[in-house]
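> Based on what follows, work out the 3D shape:
(one chain, ligands or ions: 1)
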Amino acid sequence: MLLAQISDLHFLPKGTLAFGRVDTAGHLERALAHLNTLEPAADAVLITGDLTNDGDASVWAELMGLLGRLRAPVFAIPGNHDDRELMREAFAHRALFPAEGPLRFAADLGPLRLIGLDSLIPGQPAGRLGPDQLAWLEAQLGAAPERPTLVALHHPPFRTGIDHMDAMMLEDGEALAGVIARHSQVACVLCGHVHRTIQCRFAGTLGQIGPGVAHAVQLTLAGAPSRWVLEPPAVLLHEWRDGRGLVSHLDFIGAFEVGQFSNEHTRVTDVHSGASR
Ligand SMILES: [Fe+2]
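Presented below is the predicted three-dimensional model:
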């Protein structure tokens, strides 16, 4: 089972640049082409929020047209830059979300279960799940305790050390940790929001933040101001194998030089490992 995670598309219509510089539509097109050529193919694609950059209905329509290129089924959760009702409408054809309330879902992906949560507080950069959604999550996890489960939400429930992002993290992360800690089948908690690849132990499982497919947030662990940086965009590939569990790979988007390891290199490796030649 291979789940590809992309995040923080911040999609703007073709020809519109974020910050006057970042071609988010072009970045998305390259990400989608990358996802469609994965070998083996992804069984599903998860988008962990900020699909648009405060987009209106026409932006959502353009975005959904592009996402329609994906060969794998798409699952998504909202970020702070998404409008809940526009997103509900955009994904109506997938029958992913309820007709009203939070944009949450639970889906079976082969041996895995994927639960998506809605941490959007309209008009605010920080996130919150709220007691009703936490109770829903508790019930969902309680109903399938044997099934390895991934829980996804946009806002990380743990501090990253990047102060200006931690100031807009999930507000009820401790309550979420309480729920997750009661259900040992949660293999991972997947987030976006920070536009960086980050891992952290969380509530007895692994918390992971996926990188953005366009601009990154500059790595600043010394309280520096918020800046974007055009580091190489990437996706996360979460592979589940029975008997082993979940392994997540960072996969950069783009074409990079590839070469065969030489015989000489192999001999060097053999010497180091002590193997006989
Ligand atoms: Fe974002």
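
> So, low pLDDT: which residues of this structure?
Along the chain, segments meeting pLDDT under 70 span 264-277.

> again, only using 50
Scanning the chain with the threshold set as pLDDT under 50 gives 271, 274-277.

> Spell out which parts of it neighbour the ion.
Counting by Cβ under 5 Å from the ion, the positions of the chain adjacent to the ion are 8, 50. Using the backbone N, CA and C atoms, a C-beta is placed for each residue, glycine as well.

> Pull up the gap between residue 149 and the ion, please.
Using Cβ to the ion, to the nearest Å, residue 149 is found at 25 Å from the ion.

> Once you drop chain neighbours, what's closest to that residue?
residue 113 (4.3 Å; Cβ to Cβ, 6 or more residues apart in numbering).

> ok, now residue 140?
In space, residue 140 is closest to residue 106, 5.1 Å off (Cβ to Cβ, 6+ apart).

> Where does that neighbour fall, secondary structure wise?
strand 105-109 (DSSP states H and E).

> can you pull the buried residues of that strand?
Residues 105-106, 109 are the ones in strand 105-109 that count as buried (16 or more other Cβ atoms under 10 Å).

> the helices in the protein, which residues?
24-36, 57-67, 84-90, 131-143, 163-166, 173-181, 263-273 (DSSP state H).

> before we move on, the earlier item: near the residue nearest to residue 149, how many other residues are there?
22 (other Cβ atoms under 10 Å).

> what do you get for residue 59?
Residue 59 - counted by other Cβ under 10 Å - has 20 other residues nearby.

> Residue 49 too?
Residue 49: 29 neighbours (other Cβ under 10 Å).

> same check, this time on residue 91
Residues near residue 91, counting by other Cβ under 10 Å: 21.

> Next up, the contacts around it.
64, 76, 97, 103 (Cβ atoms under 8 Å, 6 or more residues apart in numbering).
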